[in-house]
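A.B. asks: Fold the following and give me the result.
(one chain, ligands or ions: 1)
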Amino acid sequence: MSEDLYRGLQVLESDEHSLDRLDRLKAMTGPLLAWYGEHARILPWREEPTPYRVWISEIMLQQTRVEAVKPYFSRFMEELPDIASLAAVPEERLLKLWEGLGYYNRARNLQKTARILMERYDGRLPDSRSELIRLPGIGSYTAGAIASIAYGEAVPAVDGNVLRVLSRVLASTEDIASLSVKRRFEQDLAAVMPAGCSSAFNQGLIEIGAIVCVPNGEPRCGECPLHSVCLAARNNLTDSIPVKSRPKPRRIEERTILLIVSHGRTAIRKRPPEGLLASLYEFPSLTGKHSPREISETDLLDGAGILRIRPAPDAVHIFSHVEWHMSAFLIETERIPAQYAAADPDELRDRYPMAGAFDKYIRFLGGES
Ligand code: ADE
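C.D. replies: Coordinates of the predicted model:
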């Protein structure tokens, strides 16, 4: 009897406990592909999976939900339909298109890579995982996603969703935050991936992770095509698997935001080109919590001619490593000091790439709640 047929029989005999790791992963393939064929959501980047569209969508989808990404993706494609236009767009406009998605270095890396592609790759994304992974902002997951979805290369694309699904299928209690655990899953998937359907295989796993084996809340095991091979479901372990070590707690930073307003315009300034929110615009601010008297004495208001200082609402913004806890003052002045740009509410919304941390204040200045 051939080895493959023998393995097949083992699965048919429902002796799933005896399946080893690779066999169990292999046993997912049939049900996974059949389910994906029927249940894949219709998404703009799936309709026309060119390398460029897959690349942009995968970068946007890191840390952001599909529904939130859709409008960003269509605006981006309308304005920057190809690698050449991405390479050429002014950074400020690119950041404006990205505004609200966060992680602005991702947008900057997109442009850096687009410029490399124009210079060295004939304006095209290379067609192999091994070349893609050498480009700025393209890691193991994204390289695998582009290579498999756009070019059909039989390589895995393992993100947090896929790690959750796989560790449940295998009832693995290894820490999915560990790079070595991720690497092992990648190797194992590469070993079991069927040739010729890598796009559906990878996106099927991603899709199950997104809509069945969900990140927050109870997994919908009743709807899961992998239920019959899933050891966590069988052993009631979905509450405790995946195991994921906690990252360091975020640092809390108090800030006092100065909304300096004169004749309908507000003072903004560009942040430095490196570090958090690099090159985005912001309202002037001070670290720490300050009283109106302290504020009136800072050089941030030099030359402004203060008319009135009133409290504005508090706001919190959460970054990956820091939380800003903001208090704010609306400061009416005779003029906007020369050290700032002066923007009216429309320009705050449409022209300047403002850091998302200030959304509440932009709405406040525009008269919205
Ligand atoms: N999340 C990450 N990649 C995705 C994709 N290709 N489709 C849907 N959700 C995703």
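
A.B. asks: Report the closest residue of the stretch 251-369 of the chain relative to the ligand.
C.D. replies: residue 320 (17.9 Å; CB to the nearest ligand atom). Every residue, glycine included, has its C-beta placed from N, CA and C.

A.B. asks: To what extent is that residue buried, counted in neighbours?
C.D. replies: As a burial measure, residue 320 scores 10 neighbours (other CB atoms under 10 Å).

A.B. asks: Residue of the chain nearest the ligand, please.
C.D. replies: Here the chain gets closest to the ligand at one residue, residue 61, 3.8 Å apart by CB to the nearest ligand atom.

A.B. asks: Over to that residue: give its phi and psi.
C.D. replies: Backbone torsions of residue 61, given as degrees, to the nearest 10, read phi -80, psi -10.

A.B. asks: Who are the contact partners of it?
C.D. replies: residue 69 (CB atoms under 8 Å, 6 or more residues apart in numbering).

A.B. asks: Could I get the full set of strands for this structure?
C.D. replies: 251-262, 265-270, 281-282, 285-287, 306-318, 322-333, 341-343 (DSSP state E).

A.B. asks: Just send these back as CSV, with mean neighbour count and distance to the ligand too.
C.D. replies: Rendered in CSV, the data for the strands of the chain read as follows (neighbours: other CB atoms under 10 Å; distance: least, CB to the nearest ligand atom, whole Å):
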stretch, mean neighbour count, distance to the ligand
strand 251-262, 18, 29
strand 265-270, 20, 32
strand 281-282, 21, 30
strand 285-287, 15, 34
strand 306-318, 14, 21
strand 322-333, 18, 25
strand 341-343, 19, 35
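
A.B. asks: Kindly state which of those is positioned closest to residue 228.
C.D. replies: strand 306-318 (39.5 Å; CB to CB).

A.B. asks: So which elements touch the closest one?
C.D. replies: Where contact means 3 or more CB pairs under 8 Å, 6 or more residues apart in numbering; DSSP states H and E, strand 306-318 is packed against strand 251-262, helix 292-296, strand 322-333, helix 359-365.

A.B. asks: could those be laid out in JSON lines, adding mean pLDDT and distance to residue 233?
C.D. replies: As requested, these are arranged in JSON lines below (pLDDT from 0 to 100; distance: least, CB to CB, whole Å):
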{"stretch": "strand 251-262", "mean pLDDT": "98", "distance to residue 233": "38"}
{"stretch": "helix 292-296", "mean pLDDT": "95", "distance to residue 233": "57"}
{"stretch": "strand 322-333", "mean pLDDT": "97", "distance to residue 233": "36"}
{"stretch": "helix 359-365", "mean pLDDT": "94", "distance to residue 233": "40"}
